[in-house]
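**Student:** Pasting a predicted model and its sequence here:
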Amino acid sequence: MMRRPRATTAKAVMYSENENIDSDLSFSQIASSDEDMEEWRPPESKKAASKTARPTTAGGMKAASKRTAKPKEPKAPKEPKVLKVPKDPKPRAPRKRAAEQKSLNTQRTEDTAKSVSAGAKRKKTNDADLGGNKRNTQTDCPEEQRVDTGIRMKQERISFIVSDAHQTDGWANEGTSQAGLHVKKEEASQEDFTFDEPGLKKQQTSKVCQGQRATLPESTAQSLRNKLNMNWDLIELVSTLTCVEQWVCANIIMLLSEENTVPFMVRYRKEMINHMDADAVRDVQMVYEELCSLAKKTQSVIQTLRKDGVLTPGLEESLRNCRSADDLDHVYSPYKKGSKLTKARRAKALGLEDAATALLNSPHTLDLRAWVKPGTEGLSSIEEVATGVEHILADIIAKDPETLTYIKTLCEKSFVTIQSSVSKTALKEKEQEKFAQGPKKPGAEQNKSKDFDKFQLYFDFTCNVQRIQPHQTLAINRGESLKILTVKVNIPDRVKSDFTRWCIHNRWRTKTFAIEQFNAIIRNAVEDSYKRLILPFLTRSYRTKLTSAAEKESIAMFVRNLRQRLLVCPVRGCVIMGVDPGFRHGCKLAILSHTSQILHTDVVYLHNSGQQREAEKLRHLMMKYSCTNVVIGNGTACRETESFFADLISRRYFHPLDVSYCITNEAGASIYSVSPEAVKEMPDLDPNLRSAVSIGRRVQDPLAELVKIDPKHIGIGTYQHDVSAGALKAALDGVVQECVSFVGVDINICSETLMRHVAGLNAGRARSIAEWREKNGAFINREQLKLVKGMGPKSYQQCAGFIRINPQTLNSAKPSPEYAPAVPEKPAPKKSKGKAGCNIPTSLNPLDQTCIHPESYDVAQRFLSLVGGSVDQIGSAGLKHCVESKVDTSCVEELAKKVDTTPETLKLIIDGLTQPPGFDIRQNFGQADFKRGIVSMSDLRVGSVLTGRVDNTTLFGAFVDIGVGRAGLIHKSNITLDKLPVSQRRRSLVLGPGERVEVRVLNIDVQRRRIGLDLIRVLQ
């Protein structure tokens, strides 16, 4: 009885919440006003939705009519709530409700109103979208369940699915795993793949096939709601801010509070998080942590104010109502220590608060002359008393939620712009440089001059706050911090006049007749409140929200770029020469074996006299170690070194070896070469030679090498110094953990550095595993991880599924002789609970080489018995055939019931059993491009068609390496739908690092070394 009305209510509220959130989280979203006017009809769209729902039902009209008859009763009382706002804007009640919602969402744009009417139509296209979505295989409808029962055997179902040549949305899609389901197919417009698409479209889960709705017990959910001791509901607010259903948010918060990691939740708890991907889960986690931090700060502020003796019940209520740090600062700023006493507080200290209250409620009883006290500053005359009352009223007006809601609504309907201009200080310094006419001083002054020229685009820049791009916001902020730009927010004068009129005649009109003197006081108070308090608050609010949205988009760009950089396909099974190019100190060489072992290091001077001697040295090394692949870092002297190798290759100097080379990004190699990790790994090598080793290993196994470097030094994204360092580090560390975990690590051969990035492990546990491995030999099965110091039940649960025991490497790393007695002896000193430290098997378990979690081994055995297979057949063609035939005869859902598990878990088990041994999800990502010739920038011509690889993506376009020593820019305006594969048209980042593209040269600026490119197509 309770479930049906609750589901109906959730649907109705969801769309109204979305309307408020769209504007809140993204200023860059562009609305179509015509569509808004046509579609903003809640009463009609709701009726239309209910009417159109019946004929679309495949089962027949009778069943549909019976279903819709019952929910009409709970829907009836809900309709007036939705209708109040658009139908009757005059009464106070709707505004008060709007004020409550505004304080929750802060701002509201008109463009999101269309989600109400679009919601009814969305269900029709979900079936079609579901067929193309490869991440969701469980649906609400029986028809949809049968569509997706075909099992893709060569792929591992994780937060991303990698198909041949990026045919799916995959890792580059920063949305949730259901991003494509809630958008109508006919709406494949420019908005679907813009670089600055807001996060709320990617996190919607209400229309997603949900499978088993795993909800929390009511007691647990209630404890989460009351956890922060604020006046708002934690789960409801997280759901509103992230646009994720409340039951999903509650599950995620519970899982986080139980110390579950994001990779573990995404792979092994899919039914609880509604199949969301890692990015979407991290967004929920970030909002949850921000709200926890806000609640903690609020409690601290309340205690401070209580200690100072200025806390009142009304002030405490206002503080607990705050839903953002900006709201909290607005309420708390007048009471901060060190800030001068506000005019309102000075007037209240004189006792004029009662006079201000009387002026509003009963002006006929107020006599200002009674408040005059000659000789008292601030009360010595009627004028001073009136001024004090004005200041108190101005403060009340500026903190009234309904008033703030109204002024924000006016601003949304007006053309509010952000304007930047060159600062007087910068102009003065520029003029002084011209007059000096002396020799150019190196160092800081020259850099400052360069910075000045970089901001020419923003010397006279004006843009609507709802249309400004994230990179423009960050550029303006940087120019302002360097004192080169002056920035201000322009709010039209019409907003002030409309606001003043509304305050005087509606909100702050006296309750009884007031004389002209009192009306003048109220009018002056409103004008003073707007100019002195509200206008600065609105300016701060706009700047804060623009900056916050830009930072989130910039961090999202970093995340997507880093993910694709880490998942580049490794070049295995060949000897590689890493070259760190240089002029004066020579080119550092490192020859690496096919297992990344250092065979030889040397230094050659290719750009000085004696080049022939150095060339012979190179040929000798290449012949000696049978090295055919050269990896050159893209730093200083890269082009000259590339030219030298290209010339030798063209002359067949290395014959009979067929030598080729590639250029790789060496960002962070120098920093890593002097790090403690590099010293520990290569203690006898010179730091310059360590960087050559790092450059070579970046091609052999990019993931294993790049995890050793701080992500912010890898050279991805833009404006990394202009965003929050803490948020950026947390996001990038999360992506590294996600990539390492989903790729999986062979526990017997992986480095300690790589291990510490596996979900559930840290530096201490990774060190303990390495020490155990050195002392006892190779791990034979996953269960032996429980014997490692510091590996508790929770840590084991989180990491076990991502750790592999490969039989091939196990045979090569045989255990030491003293391993046998180590097993029974280890549990005794270990502080373990119950059976965790005893009865550890010493036999090999074939399931340990798969992605199947140990908690599902029993289910896997039951499934193997059902299909007639055994664990020894894992990855074989015979077992794959048995599984396919069984799935063809009965769907996954039925098989899941037979083996007593969820469909999500069974799908993961099927993948683990049918994937070939040594399966690597990176095998379908692009490898490094090896070449034998060279093209220079002078060889380029406008209109030339070239192929290249995306090197980096930014908020304004993608940089492509076309092999001329300078990356060209494809501006985002040239990345259009018709040039993209169908699978990439619903991704907000359509190009990512590593993707191969065909481009046309649009323009060449030799002086500034800039190349403009147009995208022709993405190469598959």
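**Tutor:** Structure's in. What do you need? Numbers count the residues shown, from 1 in each chain.
**Student:** Distance from stretch 358-376 to the middle of the chain?
**Tutor:** 57 Å (Cα atoms, centre = their mean, to the nearest Å).
**Student:** now stretch 938-955
**Tutor:** Distance, centroid of stretch 938-955 to centroid of chain: 28 Å (Cα atoms, centre = their mean).
**Student:** Contacts only, for residue 890.
**Tutor:** With contact set as Cβ atoms under 8 Å, 6 or more residues apart in numbering, residue 890 has no partners. C-beta: built from backbone N, CA, C; applies to glycine.
**Student:** From residue 878, how far off is it?
**Tutor:** Distance check for residue 890 against residue 878: by Cβ to Cβ, to the nearest Å, it reads 20 Å.
**Student:** same deal with residue 329?
**Tutor:** Where residue 878 is concerned, residue 329 sits at a distance of 66 Å (Cβ to Cβ).
**Student:** Repeat that for residue 772.
**Tutor:** Taking Cβ to Cβ as the measure, residue 772 falls 36 Å from residue 878.
**Student:** So those two - more neighbours on which side?
**Tutor:** Between residue 772 and residue 878, residue 772 has the larger neighbour count (other Cβ atoms under 10 Å), namely 19 against 10.
**Student:** Okay, and the more buried one sits in which element?
**Tutor:** helix 763-776 (DSSP states H and E).
**Student:** With residue 585 instead?
**Tutor:** Using DSSP H and E, residue 585 is not contained in any helix or strand.
**Student:** That one contacts residue 686, correct?
**Tutor:** No - if you go by Cβ atoms under 8 Å, residue 585 and residue 686 don't touch, sitting 10.4 Å apart.
**Student:** Go ahead and measure how far whatever helix or strand residue 647 lives in is from the middle of the chain.
**Tutor:** Using DSSP H and E, residue 647 sits within helix 638-650. Distance, stretch centre to chain centre, for helix 638-650: 40 Å (Cα atoms, centre = their mean).
**Student:** Same question for stretch 537-545.
**Tutor:** 23 Å.
**Student:** swap in stretch 227-238?
**Tutor:** 23 Å.
**Student:** Between the two ends of it, what distance do you get?
**Tutor:** From its first residue to its last, stretch 227-238 covers 13 Å (Cα to Cα, to the nearest Å).
**Student:** by contact count, what packs against the helix or strand hosting residue 357?
**Tutor:** For residue 357, the host element (DSSP H and E) is helix 353-361. Counting contacts by 3 or more Cβ pairs under 8 Å, 6 or more residues apart in numbering; DSSP states H and E, helix 353-361 packs against helix 382-398, helix 516-529.
**Student:** and if we set it to 6 Å?
**Tutor:** On a contact count with 3 or more Cβ pairs under 6 Å, 6 or more residues apart in numbering; DSSP states H and E, helix 353-361 meets helix 382-398.
**Student:** who's in contact with the helix it packs on?
**Tutor:** 343-344, 347, 352-353, 355-356, 368, 371-372, 378-379, 403, 521, 524-525, 528-529, 533-534 (Cβ atoms under 6 Å, 6 or more residues apart in numbering).
**Student:** What residues sit buried inside that helix?
**Tutor:** 384-398 (16 or more other Cβ atoms under 10 Å).
**Student:** Stretch 223-241 too?
**Tutor:** 224-225, 228, 230, 232-241.
**Student:** Is it possible to get a markdown table of these that adds distance to residue 290?
**Tutor:** Shown next, in a markdown table, are these (distance: Cβ to Cβ, whole Å):
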| residue | distance to residue 290 |
| --- | --- |
| 224 | 16 |
| 225 | 17 |
| 228 | 12 |
| 230 | 13 |
| 232 | 13 |
| 233 | 16 |
| 234 | 12 |
| 235 | 15 |
| 236 | 15 |
| 237 | 10 |
| 238 | 10 |
| 239 | 14 |
| 240 | 13 |
| 241 | 9 |
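**Student:** ok, of these, which one's closest to residue 742?
**Tutor:** residue 238 (25.4 Å; Cβ to Cβ).
**Student:** Go ahead and confirm the closest one touches residue 248.
**Tutor:** No - in this structure, residue 238 is not within contact of residue 248 by Cβ atoms under 6 Å, at 9.7 Å.
**Student:** Quick check: closest non-adjacent residue to residue 622.
**Tutor:** Leaving aside its sequence neighbours, residue 622 sits nearest to residue 654 (Cβ to Cβ, 6 or more residues apart in numbering; 5.4 Å).
**Student:** of the contacts of helix 382-398, buried ones?
**Tutor:** 343-344, 347, 352-353, 355-356, 368, 371, 378-379, 403, 521, 524-525, 528-529, 533-534.
**Student:** gap between residue 309 and residue 613?
**Tutor:** 85 Å.
**Student:** do residue 752 as well
**Tutor:** 41 Å.
**Student:** Between these two, which has more neighbouring residues?
**Tutor:** A direct count of neighbours by other Cβ under 10 Å for residue 752 and residue 613 places residue 752 higher, at 17 against 10.
**Student:** wait, what's in contact with the residue lying farthest from the centre of the chain?
**Tutor:** Centroid-distance maximum for the chain: residue 374 at 62.9 Å, with Cα atoms, centre = their mean. By Cβ under 6 Å, 6+ apart, the contact set of residue 374 is residue 380.
**Student:** so is it in a helix, a strand, or just coil?
**Tutor:** coil (DSSP: H, G, I helix; E, B strand; the rest coil).
**Student:** what separates residue 680 from residue 757, distance-wise?
**Tutor:** 17 Å.
**Student:** Looking at these two, which is more packed in?
**Tutor:** With neighbours defined as other Cβ under 10 Å, residue 680 and residue 757 compare such that residue 757 has more, 21 against 10.
**Student:** Ramachandran angles for the more buried one?
**Tutor:** For residue 757, the backbone dihedrals are phi -100, psi 0 (criterion: degrees, to the nearest 10).
**Student:** ok, and what's touching stretch 287-302?
**Tutor:** Stretch 287-302 is contacted from outside by 228, 230, 238, 241-242, 253, 316, 319, 325, 332, using Cβ under 6 Å, 6+ apart.
**Student:** Would you mind checking the average pLDDT for it?
**Tutor:** The average pLDDT within stretch 287-302 is 93.
**Student:** can you check stretch 465-482 too?
**Tutor:** Averaged across stretch 465-482, pLDDT comes to 92.
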